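A.B. asks: coords please:
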Amino acid sequence: MKTFKILSIIGVLAFTLYSFTTLVQEEWKVPAKYEAMTNPIDADIDAAIGKSLYNKHCKSCHGKEGYGDGPKADEMEGDLGDFSSEEYQAQSDGALFYKTTIGRDDMPEFTKKMPDDEDRWLIVNYMRTLAE
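C.D. replies: You can find the predicted model right below:
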């Protein structure tokens, strides 16, 4: 009987710890070649196009100001990020381009919706303005 209680307690603790670890989102690893990429689009060029593309493709989840509070945000499971945060803005342009391009989990891959790399670079430029 004592052994059963001990095993039950261990089982409950193991389940609790496992449940907690599944709530924490894995770090999004960006390949080195993307980390090192520089944005070929000048931030002052076509800013209105970047904003328009963001509004069309990103705002529904990430929100108008990039706080991760768009109308579809509650349907998503992962952390949508806060584009205005220092942590987010500290990422390289290449990392943001990679995440926008490749996606993962709830974040879709945008190579089909936006096959032109320039459009995704314009969105990266626009996301940089959300820190201001």
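A.B. asks: what residues are up against residue 72?
C.D. replies: When contacts are counted by CB atoms under 8 Å, 6 or more residues apart in numbering, residue 72 touches 60-61. Backbone N, C-alpha and C define where each C-beta goes, glycine included.
A.B. asks: ok, which stretches of this protein are helices?
C.D. replies: Taking DSSP state H as the test, the helices found in the chain are 2-23, 32-35, 47-57, 59-62, 86-89, 93-102, 117-129.
A.B. asks: Contacts only, for residue 104.
C.D. replies: Going by CB under 8 Å, 6+ apart, residue 104 touches residue 28.
A.B. asks: circling back: including mean neighbour count, mean pLDDT and distance to residue 110, could the helices of the chain go into a markdown table?
C.D. replies: Shown next, in a markdown table, are those (neighbours: other CB atoms under 10 Å; pLDDT from 0 to 100; distance: least, CB to CB, whole Å):
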| stretch | mean neighbour count | mean pLDDT | distance to residue 110 |
| --- | --- | --- | --- |
| helix 2-23 | 9 | 56 | 27 |
| helix 32-35 | 12 | 96 | 14 |
| helix 47-57 | 16 | 95 | 7 |
| helix 59-62 | 18 | 95 | 12 |
| helix 86-89 | 12 | 95 | 18 |
| helix 93-102 | 20 | 96 | 6 |
| helix 117-129 | 21 | 96 | 6 |
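A.B. asks: would you list those in TSV and tack on distance to residue 73?
C.D. replies: Output for the helices of the chain, formatted as TSV (distance: least, CB to CB, whole Å):
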stretch	distance to residue 73
helix 2-23	17
helix 32-35	25
helix 47-57	15
helix 59-62	6
helix 86-89	15
helix 93-102	17
helix 117-129	16
